[in-house]
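Novice: Need coordinates for the below:
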Amino acid sequence: MTETLLDVRNLSRRFAAVDALQGVNFSVEAGEVHALIGPNGAGKTTFIHHVSGALQPDSGSVHFAGRDVTKLSMHQRVAVGMARSYQITNVFLGLSALDNVALAVQGRKDSGSSLRFWKPASSETAMFEEARSYLEQLGLDQRIDTIAGNLAHGEQRALELAMALATKPQMLLLDEPMAGTGPEESAQMVELIEKLARHVTILLVEHDMAAVFRLADRISVLVNGRLICTGTPEAVRANPEVRRAYLGDYQ
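Specialist: Modelled structure (predicted):
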């Protein structure tokens with residue numbers, strides 16, 4: 001029996017004369033990769049902003065792990081088990097890969113870090129060992145001491161995922177993780193997401209349809225702020241309304 005981890009109910013948001021979201025009902029089951037797709041301007045980023053807490057809806061609610069989190073801020077939602085990556089890589093470019101992830105570990109409530117500013121950061125052995133383990137999971141074990149600004153774009157994306165994992169999320173919100181990557185880096189990112197999916201629930205927003213249909217257990221399609229279809233990749237691919245609105249000739 002599946003457990004609903006994320007439950008979005010009748011979510012609506014209007015900007016001036018634009019109905020960005022119109023009564024969206026959406027759920028993510030624990031353990032699945034659920035992809036949200038749609039054409040540019042469909043409302044996907046607006047939706048993710050509401051799930052992550054960056055925006056508040058005009059009406060509707062967001063429930064996570066059985067709790068109403070609609071009024072919680074972004075950092076409060078991280079504390080209850082959500083972690084988000086962004087379309088644009090969001091790392092500290094002047095710090096090493098290890099220091100980036102160590103900061104994410106340190107910021108977690110249950111990390112056990114002393115946060116004593118008179119104590120050298122290097123003495124936080126457990127914190128740095130944990131940070132190192134996340135980098136190893138993401139294939140960055142040879143780049144631990146590299147300054148983040150010197151990493152390739154795909155490596156920066158992987159570093160951002162390591163930082164997200166350091167918050168020990170129940171669910172990862174991945175906002176276009178393949179954005180700006182070349183074919184080789186995209187293939188590597190798909191493999192990383194497949195590995196992550198064994199351990200954490202994933203909500204994926206992505207334009208790379210080959211990646212979406214390879215990774216997703218279920219797919220939802222958003223068009224003009226409305227959810228027009230949710231189903232397995234096979235059902236979505238065959239849906240005439242989806243093909244007209246978005247997929248076109250994708251096979």
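
Novice: quick one: low-confidence parts of this structure?
Specialist: Residues of the chain that meet the criterion pLDDT under 70 lie in 1, 86-89, 109-123, 247-251.

Novice: all helices for it, in order.
Specialist: 44-52, 74-79, 97-107, 125-137, 153-165, 183-196, 209-215, 233-238, 240-242 (DSSP state H).

Novice: neighbours around residue 188, how many?
Specialist: When neighbours are counted by other CB atoms under 10 Å, residue 188 registers 18. For the C-beta atoms, the positions are set from N, CA and C on the backbone; glycine is no exception.

Novice: before we move on, what about residue 95?
Specialist: Under the neighbour criterion other CB under 10 Å, residue 95 is assigned a count of 15.

Novice: List the residues that contact it.
Specialist: 103, 147-148 (CB atoms under 8 Å, 6 or more residues apart in numbering).

Novice: Could you say which of those is surrounded by the most neighbours?
Specialist: Sorting those by how many neighbours each has (other CB under 10 Å) puts residue 148 first, at 22 neighbours.

Novice: was I right about that residue contacting residue 103?
Specialist: No: contact between residue 148 and residue 103 fails when scored by CB atoms under 8 Å: they sit 11.1 Å apart.

Novice: Now list whatever residues contact both of these two.
Specialist: Common neighbours of residue 148 and residue 103 (criterion: CB under 8 Å, 6+ apart): 92, 95.

Novice: I'd like the distance between residue 131 and residue 144.
Specialist: The span separating residue 131 from residue 144 equals 9 Å under the rule CB to CB, to the nearest Å.

Novice: Tell me which of these two has more neighbours.
Specialist: More neighbours sit around residue 131 than around the other of residue 131 and residue 144, counting by other CB under 10 Å; the figures are 26 against 16.

Novice: what residues do residue 131 and residue 144 have in common as contacts?
Specialist: Listed as contacting both residue 131 and residue 144 by CB under 8 Å, 6+ apart are residue 98.

Novice: re the thing from before, nearest to residue 203, of the helices of the chain?
Specialist: Among the helices of the chain, the nearest to residue 203 by CB to CB is helix 44-52 (7.1 Å).

Novice: Counting by contacts, list what the closest one packs against.
Specialist: In terms of contacts (3 or more CB pairs under 8 Å, 6 or more residues apart in numbering; DSSP states H and E), helix 44-52 is packed against strand 4-15, strand 18-29, strand 33-37, strand 82-85, strand 171-175, strand 201-205.

Novice: Those: which one's closest to residue 161?
Specialist: Comparing the helices and strands packed on helix 44-52 by CB to CB, strand 82-85 comes nearest, at 6.1 Å.

Novice: Check the offset of the closest one from the chain's centre.
Specialist: Its chain's C-alpha centre lies 5 Å from the corresponding centre of strand 82-85 when counted by CA atoms, centre = their mean, to the nearest Å.

Novice: From residue 158, how far off is the residue lying closest to residue 195 once chain neighbours are set aside?
Specialist: Excluding the flanking residues, the one nearest residue 195 by CB to CB, 6 or more residues apart in numbering is residue 137, at 7.3 Å. Distance check for residue 137 against residue 158: by CB to CB, it reads 10 Å.

Novice: just residue 243 next, same as before
Specialist: Computed as CB to CB, the residue 243 to residue 158 distance reads 33 Å.

Novice: out of the two, which sits in the busier spot?
Specialist: Ranked by neighbour count (other CB under 10 Å), residue 243 and residue 158 place residue 158 first, with 25 against 14.
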